[in-house]
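Trainee: Below is the sequence, then the predicted model.
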Amino acid sequence: MRSVTPLIAVLRAAALVVLVVAVAACSRNGAGATGVGNLGPGGGAPGSQQEFLVSVGDRVFFETDSSNLTPTAMTTLDKQAQWLNRYTNYRIMIEGHADERGTREYNIALGARRASIVVNYLTSKGVDARRLSSKSFGKERPVAICNDISCWSQNRRAVTVVQ
């Protein structure tokens, strides 16, 4: 068992680094950035998928066993709706995800509820419902893999994919 403990410590450290990098990337608002040419403050051209990803943020997170939007999630979705209403040439797929706990069937349903609540929120903010679709991946596409809250919290999400 002692040989497993260092491996777990390394995996936890790696997961923490990934989390810090992801949070930093999502929280960038371009302050202090020097745009080049027609690049936006986030590094992508205005209206590009890169701008959406970096400047707006493509995901919201949920509490355990919940499809309720948190205040932080609503703030992100407000920014998404504003961007999507400005750039109407994209179709949008909302992907619902869950952490590894629970059965496959339960997590598919939970991911579907999460995706649906995001679709409903975006349409309530004026995004044309004909542009939106959703799909649940349940626990099948984790972004972090470990048996710990640090990973589970990253996997309880809905991702807005600009197509």
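Mentor: Everything's here; your move. Residues are numbered from 1 along each chain as shown.

Trainee: Sketch out the helices for the chain, chain order is fine.
Mentor: 4-27, 49-51, 71-86, 104-124, 149-155 (DSSP state H).

Trainee: Least confident of these, on average?
Mentor: Lowest mean pLDDT of the helices of the chain: helix 4-27, a mean of 55.

Trainee: And the closest residue to residue 101 other than its chain neighbours, how far from residue 59?
Mentor: Distances taken as Cβ to Cβ, 6 or more residues apart in numbering put residue 152 closest to residue 101, at 6.9 Å, once the chain neighbours are dropped. The way it works is simple: take the backbone N, C-alpha and C, and place the C-beta from them, glycine included. Distance of residue 152 to residue 59, given as Cβ to Cβ, to the nearest Å: 15 Å.

Trainee: same thing with residue 129?
Mentor: 21 Å.

Trainee: Report the contact partners of residue 106.
Mentor: residue 98 (Cβ atoms under 8 Å, 6 or more residues apart in numbering).

Trainee: I'd like to know how far it sits from residue 74.
Mentor: Taking Cβ to Cβ, one finds residue 106 at 25 Å from residue 74.

Trainee: Ok, residue 104 next?
Mentor: Applying Cβ to Cβ, the value for residue 104 to residue 74 is 29 Å.

Trainee: what residues does stretch 94-102 touch?
Mentor: Stretch 94-102 is contacted by residues 64-65, 106-108, 110-116, 118-119, 122, 132-139, 141-142, 145, 147, 151-153, 155-161 when judged by Cβ under 8 Å, 6+ apart.

Trainee: middle-most residue in this protein, spatially?
Mentor: A centroid search over the chain (Cα atoms, centre = their mean) returns residue 59, at 1.9 Å, as the residue closest to the centre.

Trainee: What's opposite that residue in the beta bridge?
Mentor: residue 159 (DSSP bridges).
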